[in-house]
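Asker: here's a sequence, model it:
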Amino acid sequence: MVEVRLYLDVETYRPRPEDIFINEKVVAVGVIEDYTEYAEKSSAVWEEPQVKIRFFTEWEMGSEKEVLYEFYNYLEELLKRSKFVNVMGFNILKFDIPLLIQKAVEHGLRTYAELNKLWNRVPVIDYLQIFLPTNNMVYKGLKLESLAKILEEAVKDVEVPKLYSSGKVVKDLYERGEYEEIIKHLETDLRIIRLIDLNHETVLKLAAERRKFLQLFNNLLNTLNVVAPHFISSLVLNPKTLAQFSF
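Answerer: Take a look at the predicted model:
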């Protein structure tokens, strides 16, 4: 039996932003099975059998129910043949996993109790939660795109894939039937999550340093605003300049 890191991402079709969890359909689930050494040097390894990328999609399987059926059968089989499975992702504790549980119950594939027991067996690492301290414990502004930029700066000897698109465009891609574009977006997200995980110490350090710099800068501005308010009011701050030091 082997140990495996499983990187997880889910793409959905949601007609309106306010329809989250209410009128939302799982259209694709992507995973990366990673059997490489848990070290930064594994960032350069993408070949099978050490690294396997797999997708479960509505357009190939016929329905959301079949996507969930195949995914959960896959996950349970992986748990049976593995000594240890660690699931990793970005915002998976607030979105992906709760939605996968909800949808499986709605389709009668598992009970809540069965699903909670299943996910309780699996250690989950969510990098949205991990990076909150570097963003003043605030969710706003903490996005995968932001971490990808820090990753690119922090790890010079690793090729970081460019984010294919924002998750918001999946709705339009799905309505136009551009399914391959959704897969490209999904795979890019998965690859970036894997690289963040393998290089988490370096990326966390740089993110924390940026946050510290921004806090010092804000403290300086506050001090100057007290001792020299006219000077401060004459300053023109460039938002783009500040943006590079924060999320």
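Asker: OK, contacts around the residue nearest to the spatial centre of the chain?
Answerer: Nearest to the geometric centre of the chain sits F90, at 2.5 Å (Cα atoms, centre = their mean). Counting by Cβ atoms under 8 Å, 6 or more residues apart in numbering, F90 touches 9, 126-128, 144, 147, 189, 193, 196. Yep, even glycine has a C-beta here, placed from its N, CA and C like the rest.
Asker: for it, give its distance to V45.
Answerer: 21 Å (Cβ to Cβ, to the nearest Å).
Asker: again with R16
Answerer: R16 is 41 Å from V45, by Cβ to Cβ.
Asker: out of those two, which sits in the busier spot?
Answerer: V45 (13 against 10; other Cβ atoms under 10 Å).
Asker: give me phi/psi at the more buried one?
Answerer: V45 has phi and psi values of phi -100, psi 120 when expressed as degrees, to the nearest 10.
Asker: list the contacts for it?
Answerer: 36, 51.
Asker: ok, it to K52 distance?
Answerer: 12 Å.
Asker: just the ones of the contacts of F90 in helices?
Answerer: 127-128, 144, 147, 189, 193, 196 (DSSP state H).
Asker: pull the most distant pair out of the residues you listed.
Answerer: Across the ones in helices among the contacts of F90, the longest distance by Cβ to Cβ is 12.6 Å; it joins L128 and D189.
Asker: and the residue nearest to L8 when sequence neighbours are not counted, how close does it get to K168?
Answerer: Spatial nearest neighbour of L8, chain neighbours left out: G89 (4.5 Å); criterion: Cβ to Cβ, 6 or more residues apart in numbering. For G89, the distance to K168 equals 18 Å [Cβ to Cβ].
Asker: more neighbours, those two?
Answerer: Counted by other Cβ under 10 Å, G89 and K168 do not tie: G89 has more neighbours, with 27 against 9.
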